[in-house]
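S.K.: build me a model from this:
(one chain, ligands or ions: 1)
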Amino acid sequence: MNRRTLLAQAVLALAASTIAEPGPAAVPDGLSDHAWRSGRSFGCAVRGNVLLSQPSLRAAIAREADTIVPETELKWKQNEPAGGRETYAGAEAIASAGEFRGLALRGHTAVWHRSIPDWALRQFEAGRGADLVLRRVRGVVAHFRDRIVEWDVVNEAIEPEDGLAHGMRNSPIGKAGGRGLIADCFAAAHDADPKARLYYNEYGVEYASPDEDARRVAVLELLSFLKARGAPVHGLGIQGHLTVGNRFREKVFRSFLADVASLGLEIRITELDVSDRRLDADIQTRDNAVADAARQFVGVALDEPAVAGIVTWGLADPSSWLDTDRPRPDGLVQRTLPLDGQLRRKPLWQALADGFDHAPRRA
Ligand code: G3I
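M.R.: Residues are numbered from 1 along each chain as shown. Predicted coordinates for the structure are as follows:
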C-alpha cells in the first residue's frame, strides 16, 4: 500500500457511501512513496517551457514526487524583468497544472546574485541595493503566502575564493550589506509568510577538496551568524550537483551534516543530479556509475536525521542544465536524472529508492 493508493482509497471510500464500485488498482510506488515511508519527502525541479508541451512528463512527475520546484520561474530576473512590474505567470502556470494538484510547492530562489535584473543592478551601483533586495523578498514571498511551503531565501552567497571576510562572495548583494543583509532577507521573508520554512541554499559542500573544505567552513560560519542574530532560518539546502569521479569522503560529509544539524537546522538536498561528463559513451557504464555515485552520497545524507528529503534538479534526462552549462566533450545527452528520455526508470531511480528504503526512519 502506498501514499497514492491510500489517497485513492480514501476518495473512493467516500464515493462508496453512495455508489458501490470495485476498489482501485494498486498504483506503482513512486520515489515519494519510498521517501514517505522513511519520514521524508521527494521532489523535483520542473521547467515551465518543457512541461507545457509534455503531459507525459507532468504525469511522471506527479507519480514520482510530492514536491515541485520551478527551476527558473521564481528568480528575480524572471519575476521583475522591468523595474516595478512584477510577474509570476510562469510559476503560476506550473503551480496550476492539473497534474500537480496536491503537490507541495518549493520556492527557489528569492535572492541570487546571478538572477538580479539589469535595471536592479544599476540601482545596486547607485547604493540602493539593500532596500531593493528586501522589497524583492517581501514581494515574491508575499505573493505566494500560504502556498509555497519552503523557500530558498538566499542562494550561493559564499565564495571563499573571492578572498573576502567570512568567505562571503564578492557580489552586488555582498557589497550592498553582506551578512547583515542576508539576515534581514530572512526576517523579511518571515514577515511576508510566517508559516514558510526558510532555507539558505548552497553548492559545492559535498566533496573532499580544499575548495569545498573552505566553503563548508564558511557556510557553517554564516549559519551560526544568522542563528546568533536571531534570523528566522530553518534549514540548509545542499544542492548536490554531483560529478562521477570527484572525491567523496563519507567522513567529511557526515561530519558537516552533523555540524549543521547541531545548529538546530533542518537539511534538504535541493538540486541533486549526477554529471557523467568524464565517462565513456556506453550507456550502461554511465548509468551504473551515476547510480553508484548517488548511492554513496544519498546513503550518508539519509543517515542524518536532520535531512528532511531530496529534490532532484529535473526528473528526466534530456532537459538538464548540465547539457548546456557543462556538456560532455562528445556532445551526448548526459544520463544525470532518475528517468530517461522515454520516462523509464534508470539505475539512479533505484539508488534513490534504495536510499530511502534503507534510511533510518525520521521521526
Ligand atoms: O526562457 C528563456 C527562453 O525564452 C529563451 O529563448 C532562452 C534563450 O537562452 O533562454 C531561456 O531562459 C533560460 C532558462 O534557463 C530557462 O531555460 C536562461 O537563458 C538560462 O540562463 C536559464 O538557466 C537556468 C539557470 O539556473 C539560471 O537561472 C537553468 O535552467 C537552471 O537549471 C539553473 O539552476 C541553477 C540553480 O538556480 C542554482 N544552482 C545551480 C543551478 C544550475 O546552474
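S.K.: got the phi and psi for the residue positioned nearest the centre of the chain?
M.R.: Among the residues of the chain, the one closest to the centroid is Thr270, at 2.6 Å (CA atoms, centre = their mean). Backbone torsions for Thr270, taken as degrees, to the nearest 10, come to phi -110, psi -20.
S.K.: for Ala89, same thing?
M.R.: Dihedral angles (degrees, to the nearest 10) for Ala89: phi -60, psi -40.
S.K.: could you find the closest non-adjacent residue to the residue nearest to the centre of the chain?
M.R.: Gly237 (3.7 Å; CB to CB, 6 or more residues apart in numbering). Any C-beta I mention is one placed from the backbone N, CA and C, and that applies to glycine too.
S.K.: for the one you found, name its beta-bridge partners.
M.R.: Per DSSP bridges, the residues bridged to Gly237 are Asn201, Arg268.
S.K.: hmm, it is touching Arg268, no?
M.R.: Yes. Using CB atoms under 8 Å, Gly237 makes contact with Arg268 at a distance of 5.4 Å.
S.K.: distance of the nearest residue to Arg37 once chain neighbours are set aside relative to Asp29?
M.R.: Excluding the flanking residues, the one nearest Arg37 by CB to CB, 6+ apart is Phe356, at 6.9 Å. Distance, Phe356 to Asp29, using CB to CB, to the nearest Å: 10 Å.
S.K.: picking that back up, hang on, the residue nearest to Arg37 packs against Ser32?
M.R.: No. Counting by CB under 8 Å, Phe356 stays clear of Ser32, with 9.2 Å between them.
S.K.: right, and the residue nearest to the centre of the chain touches Leu236 too?
M.R.: No. Applying CB under 8 Å, one finds Thr270 not in contact with Leu236, separated by 9.1 Å.
S.K.: overlap in contacts, the two.
M.R.: 199, 201 (CB atoms under 8 Å, 6 or more residues apart in numbering).
S.K.: what sits in contact with each of Gly237 and Arg268?
M.R.: Common neighbours of Gly237 and Arg268 (CB under 8 Å, 6+ apart) are Tyr199.
S.K.: so where is the chain shaky, pLDDT-wise?
M.R.: The chain contains residues with pLDDT under 70 at 1-27.
S.K.: enumerate the residues of it near the ligand.
M.R.: 47, 49, 71-72, 75, 115, 155, 203, 239, 271, 321, 325 (CB under 6 Å from any ligand atom).
S.K.: can I get the residues you listed in a markdown table including secondary structure and distance to Lys195?
M.R.: Shown next, in a markdown table, are the residues of the chain next to the ligand (DSSP: H, G, I helix; E, B strand; the rest coil; distance: CB to CB, whole Å):
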| residue | secondary structure | distance to Lys195 |
| --- | --- | --- |
| Arg47 | coil | 27 |
| Asn49 | helix | 30 |
| Glu71 | coil | 24 |
| Thr72 | coil | 25 |
| Lys75 | coil | 23 |
| Ser115 | helix | 25 |
| Asn155 | strand | 21 |
| Tyr203 | coil | 27 |
| Gln239 | coil | 25 |
| Glu271 | strand | 24 |
| Trp321 | coil | 30 |
| Asp325 | helix | 34 |
